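Student: no letters, just coordinates:
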């Protein structure tokens, strides 16, 4: 019993230490993400390296559909998108990522909300076929889109 308690205490202490160091190994909580686009794949690598020099280290890469992503430990994403992907999103260079049970419905509701407040908004669903991500392109944001995605545990595994 003492051994089990000790092991549990050590595991909880290790997890707490990781949480305090912004290195939560678990997919909970999933606060969404903030995504920034680099000018080229090489520029993405340089920015990731620069962030690491300042304590924001890469957790893993999740590339799909021509989009190259470096997901940092703090939830920031640095990506490079090919021109055809950027064009679909009005050449936005950043995105606010929000977690939603139904990304498409949430995006449509957000677009309607923005339109009701006098802004233009359109929903884009085909940015990365196969990924449950819906984007809202709006003139309420300059150079930034809003995306809705499933919880990280419901996203397909990276390539």
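Tutor: Perfect, I can see it now. Bear in mind that the values here come from a model prediction, so they are computed numbers and not experimental data. Residues are numbered from 1 along each chain as shown.
Student: got a list of what the residue nearest in space to the middle of the chain touches?
Tutor: In the chain, the residue lying closest to the centroid (Cα atoms, centre = their mean) is residue 33, at 3.8 Å. Residue 33 is in contact with 71, 75-77, 95, 97, counting by Cβ atoms under 8 Å, 6 or more residues apart in numbering. All C-beta atoms are positioned from the backbone trio N, CA, C, and that covers glycine.
Student: in this structure, which helix or strand is least confident?
Tutor: When each helix and strand of the chain is scored by mean pLDDT, DSSP states H and E, helix 2-20 comes last, with a mean of 82.
Student: any idea how far that helix is from the chain center?
Tutor: Chain-centre distance of helix 2-20: 29 Å, with Cα atoms, centre = their mean, to the nearest Å.
Student: tell me the domain boundaries of the protein?
Tutor: If you go by automatic domain parsing, the domain ranges for the chain are 1-27, 31-154.
Student: turn the contacts of residue 33 into JSON lines, including distance to residue 43, neighbour count and secondary structure.
Tutor: As requested, these are arranged in JSON lines below (distance: Cβ to Cβ, whole Å; neighbours: other Cβ atoms under 10 Å; DSSP: H, G, I helix; E, B strand; the rest coil):
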{"residue": "71", "distance to residue 43": "17", "neighbour count": "19", "secondary structure": "strand"}
{"residue": "75", "distance to residue 43": "21", "neighbour count": "17", "secondary structure": "coil"}
{"residue": "76", "distance to residue 43": "16", "neighbour count": "17", "secondary structure": "strand"}
{"residue": "77", "distance to residue 43": "15", "neighbour count": "19", "secondary structure": "strand"}
{"residue": "95", "distance to residue 43": "17", "neighbour count": "24", "secondary structure": "strand"}
{"residue": "97", "distance to residue 43": "21", "neighbour count": "20", "secondary structure": "strand"}
